[in-house]
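1. Whatever this is, show me its structure:
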Amino acid sequence: MRDAHDQHISELIQRCRDRDDRAFAQVVAHFGPAVYHFILRMVKNRQIAEDVYQETWMRVYDHLDRYDDRGRFKSWLFQIANRLCLNQLRSLRSVFVPLAEIFEGVNGRPTALQMSSSSGLPDTEVEQREAMALVEKALQLMPVKQKQVFLLRIHAEMSFKEIAVTLGRPLNTVLTQMRAAFGHLHKKMSEQYNDL
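-> Coordinates of the predicted model:
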């Protein structure tokens, strides 16, 4: 099934190279939500995220001739989005992320960070909000490289190999950064909730 999906994407990309706007709209519809959520969590501001999102798709459209079919399109796409995010972060050192944005699911699906009373974590609404605020603060304090890996894994649902290709890092480095990201989150949460 994965091969059929990849083949379909390859066919769409070829049609996009031939400037088929309908094919490009399908590619945007397919990858757009994950790209947007990744960008939003990196830049932490909806307006900036929308600008970076638009710039990402303009670059993709303008540079489809540079895409190498031997690699996965998703990785190439997220490389572009990641570079544009890093450029924004260099120019905007600190931006606030509204709490609700961190816990929005991709396409309405809950993220791994969303908490429910069955998760063993705080079950009252107030305690959940406090826990989410702690996670938000931990994400804001997380080193950029760890945050990139974490967001690509959780929100873009990429495999660790795809993340390594996307970020141009060795697989073991990506795995180490993911462990460090979870360690960072766990430490911040356990400081508040000693029983985690």
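2. From here on, just use CA atoms for contacts and neighbour counts.
-> OK.
3. show me what contacts the residue nearest the centre of the chain?
-> The centre of the chain sits closest to F38, judged by C-alpha atoms, centre = their mean, with a distance of 2.8 Å. F38 is in contact with 151-152, 155-156, counting by C-alpha atoms under 8 Å, 6 or more residues apart in numbering.
4. Present those as JSON lines; the columns should include pLDDT and secondary structure.
-> Formatted as JSON lines, these follow (pLDDT from 0 to 100; DSSP: H, G, I helix; E, B strand; the rest coil):
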{"residue": "L151", "pLDDT": "87", "secondary structure": "helix"}
{"residue": "L152", "pLDDT": "89", "secondary structure": "helix"}
{"residue": "H155", "pLDDT": "78", "secondary structure": "coil"}
{"residue": "A156", "pLDDT": "81", "secondary structure": "coil"}
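5. helix or strand right after the helix or strand containing G32?
-> Element membership of G32 [criterion: DSSP states H and E] is helix 21-43. Using DSSP H and E, the helix or strand that directly follows helix 21-43 along the chain is helix 46-62.
6. ok, Q177 - contacts?
-> Contacts of Q177 (C-alpha under 8 Å, 6+ apart): 145-146, 149.
7. can you do 7 Å?
-> If you count contacts by C-alpha atoms under 7 Å, 6 or more residues apart in numbering, Q177 has them with 146, 149.
8. Using PDB, list the CA coordinates for the helix or strand harbouring it.
-> Taking DSSP H and E as the definition, Q177 sits inside helix 171-192. Output in PDB follows, covering the C-alpha atoms of helix 171-192 (Å, rounded to 0.1, in the frame of the first residue of the first chain):
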ATOM      1  CA  LEU A 171      19.800   8.800  12.000                       C
ATOM      2  CA  ASN A 172      21.500   8.200  15.400                       C
ATOM      3  CA  THR A 173      21.600  11.900  15.900                       C
ATOM      4  CA  VAL A 174      17.900  12.200  15.200                       C
ATOM      5  CA  LEU A 175      17.100   9.400  17.600                       C
ATOM      6  CA  THR A 176      19.300  11.000  20.300                       C
ATOM      7  CA  GLN A 177      17.600  14.300  19.800                       C
ATOM      8  CA  MET A 178      14.100  12.700  20.100                       C
ATOM      9  CA  ARG A 179      15.100  11.000  23.300                       C
ATOM     10  CA  ALA A 180      16.500  14.300  24.600                       C
ATOM     11  CA  ALA A 181      13.200  16.100  23.600                       C
ATOM     12  CA  PHE A 182      11.100  13.500  25.500                       C
ATOM     13  CA  GLY A 183      13.500  13.700  28.400                       C
ATOM     14  CA  HIS A 184      13.200  17.500  28.500                       C
ATOM     15  CA  LEU A 185       9.400  17.200  28.500                       C
ATOM     16  CA  HIS A 186       9.400  14.500  31.100                       C
ATOM     17  CA  LYS A 187      11.700  16.500  33.400                       C
ATOM     18  CA  LYS A 188       9.500  19.500  33.200                       C
ATOM     19  CA  MET A 189       6.300  17.500  33.800                       C
ATOM     20  CA  SER A 190       7.800  15.500  36.600                       C
ATOM     21  CA  GLU A 191       8.900  18.600  38.400                       C
ATOM     22  CA  GLN A 192       5.200  19.500  38.700                       C
END
